[in-house]
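S.K.: Mind folding the following:
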Amino acid sequence: MLMWGSLMSSHLDRHGSVAAMRPQNSSIIFELILVGFSDHPQTEVPLFLVFSLIYLANCFGNTAVIALVALDSSLHTPMYFFLCHLAFLNGFFSTTVAPKMLFNFLASRKVISYPFCLAQTYLTLFLESTECFLLAVMAIDRYVAICYPLRYLLIMSWTVCLVLAMSVWVTGFCASVVPLYFIMLPFCSPYIVDYLFCELPILLHLFCADTSLQEAMMAIGGAGTVLFPFLLIVLSYLRILVAVVRIDSVEGRKKAFSTCASHLAVVTIYYGTGLIRYLRPKSLYSTEGDKLISVFYAVIGPALNPFIYSLRNKEVQGSMRRVIERYKKSTRIVF
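M.R.: Just a heads-up that it's a prediction; the model follows:
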């Protein structure tokens, strides 16, 4: 195993792969080095404190959403059923990435074991794909609620919701984890990843063999897991817009828009971050900026989602008051 100091001094390309020398494949990989923000050691402790608070808010907020929906029967609707899935997914994604990232902020040897790196790669790809499909299903749910309000509960029955939810998770799995099993290639040493966590686009630069086939598969997979759900979201909101414009009363229009505002904000943050990351001009690219973007969609974005859905949502606010009142009454009876 090469020493940490000599590995860190190696010349890195934009994604952490070695630009110059590539030694022969190693038969056994024990661990990889996550560079993170080690080039700016003075920022690591402040970043640890900030992102720790954000991660705790993430865990608390998403858990609170699930608990609130479970405890209040008035929120037992398709919209909040899918919101629970989104909250679970967000918390799961951040927990896959954040603890190891936070640990490495303070660690002297910023390493990740090879099996855990592969697991992190599988899970991030799976959860990102699943979130795209879940956001599309939530958009379709809002479309049915606004365009077919009288038949909403008939169309979006619990059987349909369960089938849609199961389809989202299974499709996300099949679209990411299963194909990924067939494209893993041997790594070249030294095993340095100039990033905050393991992700497939980053690891592709560490493979020894030609990765053109893998990159083509990623492009095709991206069209299916990102572009197709995005088109469903756009079409749903175009139909919603047409339906809202036809509503005569201003109050009716406001109410219709308010039911979509939270979901639209989450979609904008999720896809906006992806567009900034992958479609910005090369002149605006920086390795440190790419790391900050990754932190945003892995930790900050999932922490914002429960607050976006709850702070301006009167149903959620009313549900919180009812749950708190029931808790106060139960404690009074006990004591």
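S.K.: Thought Val65 was touching Pro302, still the case?
M.R.: No. Between Pro302 and Val65 there is no contact under CB atoms under 8 Å: 11.3 Å. Every residue, glycine included, has its C-beta placed from N, CA and C.
S.K.: higher neighbour count, the two?
M.R.: Of the pair Pro302 and Val65, Pro302 is the one with more neighbours under other CB atoms under 10 Å, namely 33 against 25.
S.K.: what about the more buried one, which SS state?
M.R.: Following DSSP: H, G, I helix; E, B strand; the rest coil, we place Pro302 in the helix state.
S.K.: Next: Ile112.
M.R.: The three-state assignment at Ile112 reads strand, by three-state DSSP.
S.K.: Scan the helices and strands of this protein for the one with the lowest mean pLDDT.
M.R.: Lowest on mean pLDDT, DSSP states H and E among the helices and strands of the chain sits helix 4-8, with a mean of 34.
S.K.: which neighbours does the following helix or strand past that one have in its sheet, and in what orientation?
M.R.: Next along the chain after helix 4-8, taking DSSP states H and E as the criterion, comes strand 31-34. Take DSSP bridges as the rule and strand 31-34 pairs in its sheet with strand 111-113 (antiparallel), strand 192-193 (parallel).
S.K.: so how far is the shortest one off the chain centroid?
M.R.: Going back to what we said before, that points to strand 192-193. 22 Å (CA atoms, centre = their mean, to the nearest Å).
S.K.: Repeat that for the first one.
M.R.: Average the C-alpha atoms of strand 111-113, do the same for its chain, and the two points are 22 Å apart (CA atoms, centre = their mean).
S.K.: And for it, what's in contact with it?
M.R.: Trp4, Phe30, Glu31, Leu32, Ile33, Leu34, Lys100, Asn104, Gln120, Val193, Phe197, Cys198 (CB atoms under 8 Å, 6 or more residues apart in numbering).
S.K.: which other residues reach the helix or strand hosting Leu292?
M.R.: Element membership of Leu292 [criterion: DSSP H and E] is helix 287-295. Outside of helix 287-295, the residues within contact range by CB under 8 Å, 6+ apart are 14, 36-37, 39-40, 51, 101, 194-197, 199, 273, 276-277.
S.K.: which one of those sits closest to Leu89?
M.R.: Closest to Leu89 out of the contacts of helix 287-295 is Thr273 (15.6 Å), distances taken as CB to CB.
S.K.: The closest residue to the closest one other than its chain neighbours: what's it in contact with?
M.R.: Nearest non-adjacent residue to Thr273, counting by CB to CB, 6 or more residues apart in numbering: Tyr297, 4.5 Å away. Taking CB under 8 Å, 6+ apart as the contact definition, Tyr297 lies against Tyr270, Thr273, Gly274, Arg277.
S.K.: just Asn313 next, same as before
M.R.: Ser262.
S.K.: That one and Met101, how far apart?
M.R.: As judged by CB to CB, to the nearest Å, Asn313 and Met101 stand 31 Å apart.
S.K.: Ok, Val266 next?
M.R.: Computed with CB to CB, the distance linking Val266 and Met101 is 23 Å.
S.K.: cool, and Val65?
M.R.: For Val65, the distance to Met101 - CB to CB - is 23 Å.
S.K.: On the three-state scheme, Asp39 is what?
M.R.: Asp39 - assigned by three-state DSSP - is coil.
S.K.: tell me the contacts of it?
M.R.: Counting by CB under 8 Å, 6+ apart, Asp39 makes contact with Glu288.
S.K.: residues of stretch 323-330 that come out buried?
M.R.: Val323 (16 or more other CB atoms under 10 Å).
S.K.: Need the winner for burial among the strands paired with strand 31-34.
M.R.: Ranked by mean neighbour count, those are led by strand 192-193 with a mean of 23 (mean count of other CB atoms under 10 Å).
S.K.: so after it, what's the next helix or strand?
M.R.: helix 200-203.
S.K.: Show me the helices in the stretch 151-300 of the chain, by range?
M.R.: 152-155, 158-174, 177-181, 200-203, 212-222, 228-245, 250-279, 287-295 (DSSP state H, counting those that start in this stretch).
S.K.: residue ranges with poor pLDDT in the stretch 201-335 of the chain?
M.R.: Judged by pLDDT under 70, the stretch 201-335 of the chain has its weakly predicted residues at 278-284, 311-312, 327, 330-335.
S.K.: So what's the model's average confidence on the helix or strand hosting Met79?
M.R.: Here Met79 sits within helix 78-106, counting by DSSP H and E. The average pLDDT for helix 78-106 rounds to 92.
S.K.: With that, I have no additional questions.
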